[in-house]
Structure formats: C-alpha cells, structure tokens
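In: sequence unknown, structure follows:
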C-alpha cells in the first residue's frame, strides 16, 4: 500500500475516532503523496459508512480542508 492510500486510511479511522487535528494531518500528508480531491471524496464516504452520523460531522471537516490544503501544496 502506498503512502497516499495509507494516509487516506488513517484519515478515515481518525474521522471514525473523531480526532480533528489527526484528520487534517493525514489529509495533508495524502495530498503531499499525490492524492486527488476525488480520492478525498471517496474516503469521506467510507468514513461515513463506517461511523454513521458522528463520523459524518467529522468527515465534513475533511471536506472543508480539502481545497485549502490542495491549494497550499500547489503553491509550493
């Protein structure tokens, strides 16, 4: 499993565990490893399927961070 997929797996687990800072960290690292915004959307759906309503709230934080993180890494 590549680094990109590994960090997406961790972001799903952290959405399930409700750790906001961990979610942001792992999404950022996934983008550094070449992840796309589409892949982020897929990981959000998996987190919601696993954790239900509470994970949906925390997965929304992933969605809010996607564009700023993606733009930040493009500017480097």
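Out: Arrived safely. Quantities reported herein were computed from a predicted structural model and do not represent experimental measurements.
In: what mean pLDDT does the one helix or strand residue 45 maps to have?
Out: Assigned by DSSP states H and E, residue 45 belongs to helix 37-74. Per-residue pLDDT values over helix 37-74 give a mean of 75.
In: cool, stretch 13-30 as well?
Out: Mean predicted lDDT for stretch 13-30 stands at 81.
In: buried stuff in it?
Out: Across stretch 13-30, burial judged by 16 or more other Cβ atoms under 10 Å covers 13-16, 19, 22-24, 26-30. In short, each C-beta sits where N, CA and C put it, glycine included.
In: nearest residue to the residue nearest to the spatial centre of the chain other than its sequence neighbours?
Out: For the chain, the residue nearest the mean C-alpha position is residue 27 (4.0 Å; Cα atoms, centre = their mean). Of all residues not flanking residue 27 in the chain, residue 11 sits nearest, at 5.1 Å (Cβ to Cβ, 6 or more residues apart in numbering).
In: show me what contacts that neighbour?
Out: 22, 23, 26, 27, 30, 43, 47, 62 (Cβ atoms under 8 Å, 6 or more residues apart in numbering).
In: C-terminal to the host helix or strand of it, what's the next element?
Out: Using DSSP H and E, residue 11 sits in helix 3-17. Following helix 3-17 in sequence order, the next helix or strand is helix 20-32 (DSSP H and E).
In: what packs against that following helix?
Out: Here helix 20-32 touches helix 3-17, helix 37-74, going by 3 or more Cβ pairs under 8 Å, 6 or more residues apart in numbering; DSSP states H and E.
In: pick the most buried one from the ones you listed.
Out: Per residue and on average, the most neighbours among those fall to helix 3-17, with a mean of 20 (mean count of other Cβ atoms under 10 Å).
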